[in-house]
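Participant: Model the following, please.
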Amino acid sequence: MASWISMTEACQLLGVQPQTIYAYVSRGKLEVMPDPTDTRKSLYRAEDLSGLARRKKAGSKRETLATNTLFGAEPSIPTALSAFFRERPHYRGEDAIALARTATLEEAAQLLWGAEQAVDFACATPPGPGAPGRGPAFVALAGLAASGHSTSGRLTRVLHAEGQALVGQLANAFGAQPGKQALHLRFAKGWKQGAPVAELLRTALVLLADHELTSSAFAARIAASTGASLPACVLAGLSTLSGPLHGDASGRVQALFSEVERLGEDKVLAHYLANGLPLAGFGHPIYPDGDPRAAALLALFEPPEAIVRFIAKVQEQTGLQPTIDVALAALATHYRLPADAAFALFATARSVGLLAHALEQSGVAQVIRPRGRYVGRMPAQQQGPRKQAG
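Facilitator: Modelled structure (predicted):
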């Protein structure tokens, strides 16, 4: 067998459609290289495909679950921003977990945006009246979207400058202290936290910056494909992110942790398991062996003992591993951050990724317009013309 084979040969070997091959590549299960005879095509490592074929024949439930859950009949969009290799997220080919050890969100943004100049989220604009949080953030974003300019016909460096200001204003609305420091330091000051917590916030922000083609990234790309303004694209993405099954999952985890603190981990876990209730924040279809983002963040601080025991018992009795939402909720709980701090961190960090997706999509001169498959009531059969009375 040749070392590298074509898409057609790969599909024939595994008995799958091209989108499944893309799924294996995205998850780091299959290596790919450009076809030296035709740069529009790719070649796939035959050895990896042979291993996948063996596991497929053996009926690997984990692989089937991850592939179907992530891709299935969902759209596949070419992107150079982020992907999963060996079950770890990467930003433009760089391991996001390793990057988060030292990088700031500004540096992650420069990488994801492909910016030539350093990114700066400094913003002196004070938030609007009232307490900072989700409401003021969405109101500010909606106002910017209502008056924003289309991305069409504008230089990339101009769009980068607009994106910087947009993220800075969004952070201020969520409670970051206005100023010129790096964003994690401004959040720490706004939430009255010292340097150790600021360092944890920095790590979390980088880990959350992007996560391939999520539902919120897809929403932002749809808006961008129409030529919508950058704030409109981010608003579309963050509106999708705000759902409890996406970026606001940490809120459900915090509610679960509140139960644990009141009733104890044994009673709470017994109740959920006895009634077949899902445990928010545990188990991720992309990471069957555990979310590396959660592991990286949880390794940097010690959550409350009851939460540590609860996480351990969930793992022991269900086999499910904690996700980044558990780590965020534990961070917010342990350091008594504002009630909506976990979502604020997620939304601010992910706005960087949403902007990256919007910028990448704006370079494609095609509107994303899926077709519906109608399954409703069919219209009544039209009758022929009536005969004229004689």
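Participant: Could you list the buried residues of stretch 293-302?
Facilitator: Buried residues in stretch 293-302, defined by neighbour count with 16 or more other CB atoms under 10 Å: 293, 294, 296, 297, 298, 301. Yep, even glycine has a C-beta here, placed from its N, CA and C like the rest.
Participant: So which residue is smack in the middle of this protein?
Facilitator: The centre of the chain sits closest to residue 211, judged by CA atoms, centre = their mean, with a distance of 3.8 Å.
Participant: So it versus residue 291, what's the distance?
Facilitator: 10 Å (CB to CB, to the nearest Å).
Participant: do the same with residue 127
Facilitator: Residue 127 sits 32 Å away from residue 291, going by CB to CB.
Participant: May I ask which helix or strand of the protein has the lowest mean pLDDT?
Facilitator: helix 61-70 (a mean of 43; mean pLDDT, DSSP states H and E).
Participant: what about the residue nearest to the centre of the chain, is that helix, strand or coil?
Facilitator: coil (DSSP: H, G, I helix; E, B strand; the rest coil).
Participant: quick one, what contacts it?
Facilitator: 82, 89, 217, 350, 353 (CB atoms under 8 Å, 6 or more residues apart in numbering).
Participant: ok, 7 Å please
Facilitator: Residue 211 is in contact with 82, 89, counting by CB atoms under 7 Å, 6 or more residues apart in numbering.
Participant: Could you pull out the strands in the protein for me?
Facilitator: Here the chain has its strands, by DSSP state E, at 4-5, 32-35, 38-45, 82-85, 88-91, 94-95.
Participant: Sheet partners, orientation included, of the longest one?
Facilitator: Here strand 38-45 is paired, per DSSP bridges, with strand 4-5 (antiparallel), strand 32-35 (antiparallel).
Participant: so what pLDDT did residue 230 get?
Facilitator: pLDDT recorded at residue 230 is 98.
Participant: got it, and the one 10 residues further on?
Facilitator: At residue 240, the model reports a pLDDT of 97.
Participant: ok, how many other residues are close to it?
Facilitator: 19 (other CB atoms under 10 Å).
Participant: Nearest to residue 114, out of the strands of the chain?
Facilitator: strand 88-91 (10.8 Å; CB to CB).
Participant: Alpha carbons of the closest one, in CSV - could you do that?
Facilitator: Extracted as CSV, the C-alpha positions of strand 88-91 are listed here (Å, rounded to 0.1, in the frame of the first residue of the first chain):
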residue,chain,number,x,y,z
ARG,A,88,-6.1,18.4,21.7
PRO,A,89,-7.3,21.8,20.3
HIS,A,90,-4.8,23.7,18.1
TYR,A,91,-4.8,27.3,16.9
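Participant: Identify the residues contacting it?
Facilitator: Defining contact as CB under 7 Å, 6+ apart, one finds that strand 88-91 is touched by 82-83, 95-97, 99, 108, 111-112, 209-211, 292-293.
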